[in-house]
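In: Provided below are the primary sequence and the corresponding predicted coordinates.
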Amino acid sequence: MKRRNNGELENAVLTALWERGEPMAVAELQSAVSAPKPAYTTMMTVLTRMEDKGLITRERVSRSLMISPVRSQAATAASRMSQTLRDSTDSREVLMSFIGSLDDDEIEVLRSFVRD
């Protein structure tokens, strides 16, 4: 059986939630993530850890546990980028490498943001 890389199931859950745009039940999330379909207990463990990290909220609605992302996809990506900079021993070098990886359109968006 193929094992997922660390964080892969968390990312799949968040992607499914962002794409749906509304809370999802655990069973819906199980079906929404790519194969192999995680066991219910695996999904619950991951969801508990995600809630502890502040990535999702869980709310009981009738007999279902409804899952929602805490932040938008853009806010989550920005938070991860900021954390990477803070964790680096040379944040300037990381930032310069990141900027060097951008295409012309992305650089123009960055320039217009800095001008404003």
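Out: Sure, I can see it.

In: quick one: the helices in this protein?
Out: For the chain, the helices defined by DSSP state H occupy 8-20, 26-32, 40-52, 73-87, 91-100, 104-115.

In: helices or strands next to the shortest one in the packing?
Out: In terms of contacts (3 or more CB pairs under 8 Å, 6 or more residues apart in numbering; DSSP states H and E), helix 26-32 is packed against helix 8-20, helix 40-52, strand 64-69. (Each C-beta comes from the backbone N, C-alpha and C, glycine too.)

In: any idea how the protein splits into domains?
Out: 8-69, 73-115 (automatic domain parsing).

In: will you turn these into CSV that also has mean neighbour count?
Out: Converted to CSV, the domains of the chain look like this (neighbours: other CB atoms under 10 Å):
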stretch, mean neighbour count
domain 8-69, 15
domain 73-115, 11
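
In: make a markdown table from these and add mean pLDDT to it.
Out: Compiled in a markdown table, those are given as follows (pLDDT from 0 to 100):
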| stretch | mean pLDDT |
| --- | --- |
| domain 8-69 | 92 |
| domain 73-115 | 91 |
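
In: still on that earlier bit, so which of the helices and strands packed on helix 26-32 comes closest to residue 92?
Out: helix 8-20 (27.8 Å; CB to CB).

In: residues contacting that closest one, please?
Out: 23-24, 28-29, 32-34, 38, 42-43, 46-47, 49-50, 55-56, 67-69, 72-73, 76 (CB atoms under 8 Å, 6 or more residues apart in numbering).

In: I'd like to know which of the helices and strands packed on helix 26-32 is closest to residue 114.
Out: helix 8-20 (27.0 Å).

In: quick one: work out the angle between the closest one and helix 73-87.
Out: 150 degrees (axes from the mean of the first three to the mean of the last three CA atoms, to 10 degrees).

In: how far off centre is helix 8-20?
Out: Helix 8-20 sits 6 Å away from the centroid of its parent chain (CA atoms, centre = their mean, to the nearest Å).

In: and residue 60, which of the helices of the chain is closest to it?
Out: That would be helix 26-32 among those, by CB to CB, at 11.3 Å.
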